[in-house]
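J.: Provide a 3D model corresponding to the input given below.
(one chain, ligands or ions: 1)
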Amino acid sequence: MTELQLSAVSRWYGNVVAVNDVTMHLGPGITGLLGPNGAGKSTLLSMMAGLLPPSAGTVTIDGTPTRGNIAIYRQIGLVPVQESLYDYLTGTQFVRLNADLQKVPSAAAATARAIGLVEMADAADRKVSTYSKGMRQRIKVASALVHDPSVLLLDEPFNGMDPIQRRHMMDLLSRLGQQGRTIVFSSHILEEVEQIARHVEVVVAGRAAASGDFSQIRRLMTDRPNQHLVRSSDNRRLATLLLADQSVRGVRLRGDKALEVESDDFGRFAQVIPRIAKEHDIRLIEVTPTDESLESVFGYLVGA
Ligand SMILES: Nc1ncnc2c1ncn2[C@@H]1O[C@H](COP(=O)(O)OP(=O)(O)OP(=O)(O)O)[C@@H](O)[C@H]1O
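T.: Residues are numbered from 1 along each chain as shown. Just a heads-up that it's a prediction; the model follows:
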């Protein structure tokens, strides 16, 4: 059981505060580090890996500071976001490089084992330059796992993958999580995190904005005030009917063409609007959330 603890951690680059007073406790299984671009996720992962010193606060693994501690580095595997690999090496050579750097005993066997874990044995003797995006990510994971670390940190591991590659990587991370490893991956995509993370940490503008299991985070996000653009066969009548429901806070006619509806109970609103339309024989043409961008969701969480 490996516990990763961040205590009042901050990191600034000159005048830029990238991470601001973050405290989190991460245990075995998969944690999703969710936040928009520039939120400080990469900086947090680098500090967890011991590569970057915090400007203030401490990062510890099972109570020991990560920074500058070679014994602790043996417990950590990091999959960086960078795409560029040593293209002229084969998959096996690429993974072996890290085994040698980490002074892994029986490096050849460890390399084969790590490659097997990510299901790349068939392609292991091919040059990395011939790999697809998904295969590149997997060989990076094999390289990070070659010394059998108990903590695996991954920076945007699903970036640029197609749905099949993404599924494959999710299955792999789930398997690794079930083995009792402490896995942390960053993402700016809600659905990725929802599908595999046991625990979610939301980071916005360098601060820890929310944490919990996914249903808690999802509830925080959907219970917030939200707006929809609605077009129907009778906007004026629909407006009156919607206003009578407790989930609706306000309705504004946008000319004759559409309605802007503000609700503070997304779940109820989503059920009520088709029911009202059906009962009153009004045809719904469009119901579109207008403020669903991640930034607005995160903005709400930070303000909350
Ligand atoms: N070496 C650096 N020098 C100066 N500013 C930096 C440096 N690295 C990161 N920053 C700044 O720190 C903030 C957080 O960056 P970071 O890369 O950690 O965020 P992120 O959540 O990983 O975003 P992204 O997904 O876009 O990489 C940003 O404002 C970024 O511009």
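J.: tally of neighbours for the residue nearest to residue 174 when sequence neighbours are not counted?
T.: Nearest non-adjacent residue to residue 174, counting by C-beta to C-beta, 6 or more residues apart in numbering: residue 196, 5.6 Å away. Heads up, the C-betas are built off the backbone N, CA and C, glycines and all. For residue 196, the tally of surrounding residues (other C-beta atoms under 10 Å) stands at 21.
J.: surely residue 196 touches residue 32?
T.: Yes: the pair residue 196 / residue 32 is scored as a contact, 7.4 Å apart, by C-beta atoms under 8 Å.
J.: now do the shared contacts for those two.
T.: Taking C-beta atoms under 8 Å, 6 or more residues apart in numbering as the contact rule, residue 196 and residue 32 touch no residue in common.
J.: and the stretch 1-150 of the chain, which residues reach the ligand?
T.: Residues of the stretch 1-150 of the chain that fall close to the ligand, judged by C-beta under 6 Å from any ligand atom: 13, 16, 18, 35, 37, 38, 39, 40, 41, 42, 43.
J.: ranges for the helices of the stretch 201-304 of the chain?
T.: 214-222, 235-243, 266-279, 294-303 (DSSP state H, counting those that start in this stretch).
J.: mind giving me TSV with these and columns for distance to residue 127?
T.: TSV is the format used below for those (distance: least, C-beta to C-beta, whole Å):
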stretch	distance to residue 127
helix 214-222	39
helix 235-243	60
helix 266-279	49
helix 294-303	37
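J.: how about those, which one is nearest residue 7?
T.: helix 294-303 (21.1 Å; C-beta to C-beta).
J.: still on that earlier bit, please pick the buried ones from the residues of the stretch 1-150 of the chain next to the ligand.
T.: Among these, those classed as buried by neighbour count (16 or more other C-beta atoms under 10 Å) are 18, 35, 39, 40, 41, 42, 43.
J.: tell me the first helix or strand C-terminal of the helix or strand containing the first one.
T.: When secondary structure is defined by DSSP states H and E, residue 18 falls within strand 16-26. Sequence order places strand 29-34 as the next helix or strand after strand 16-26, per DSSP H and E.
J.: and that next one with helix 214-222, angle?
T.: 20 degrees (axes from the mean of the first three to the mean of the last three C-alpha atoms, to 10 degrees).
J.: now strand 29-34: mean pLDDT?
T.: The average pLDDT for strand 29-34 rounds to 94.
J.: list the strands paired with that strand, with their directions.
T.: Sheet pairing here is set by DSSP bridges, and for strand 29-34 it gives strand 182-187 (parallel), strand 199-204 (parallel).
J.: for those strands, which has the smallest mean pLDDT value?
T.: Among those, strand 199-204 scores lowest, with a mean of 90.
J.: show me how far that one is from its chain's centre.
T.: 8 Å (C-alpha atoms, centre = their mean, to the nearest Å).
J.: what are the ranges of the helices in the stretch 1-150 of the chain?
T.: Under DSSP H, counting those that start in this stretch, the stretch 1-150 of the chain gives helices at 41-48, 70-73, 91-101, 107-117, 133-145.
J.: and the ones you listed as CSV, adding mean pLDDT?
T.: Listed next are those as CSV, based on pLDDT from 0 to 100:
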stretch, mean pLDDT
helix 41-48, 95
helix 70-73, 87
helix 91-101, 94
helix 107-117, 94
helix 133-145, 91
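J.: re the thing from before, export the strands paired with strand 29-34 to CSV and tack on distance to residue 266 and mean neighbour count?
T.: Shown next, in CSV, are the strands paired with strand 29-34 (distance: least, C-beta to C-beta, whole Å; neighbours: other C-beta atoms under 10 Å):
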stretch, distance to residue 266, mean neighbour count
strand 182-187, 22, 25
strand 199-204, 18, 24
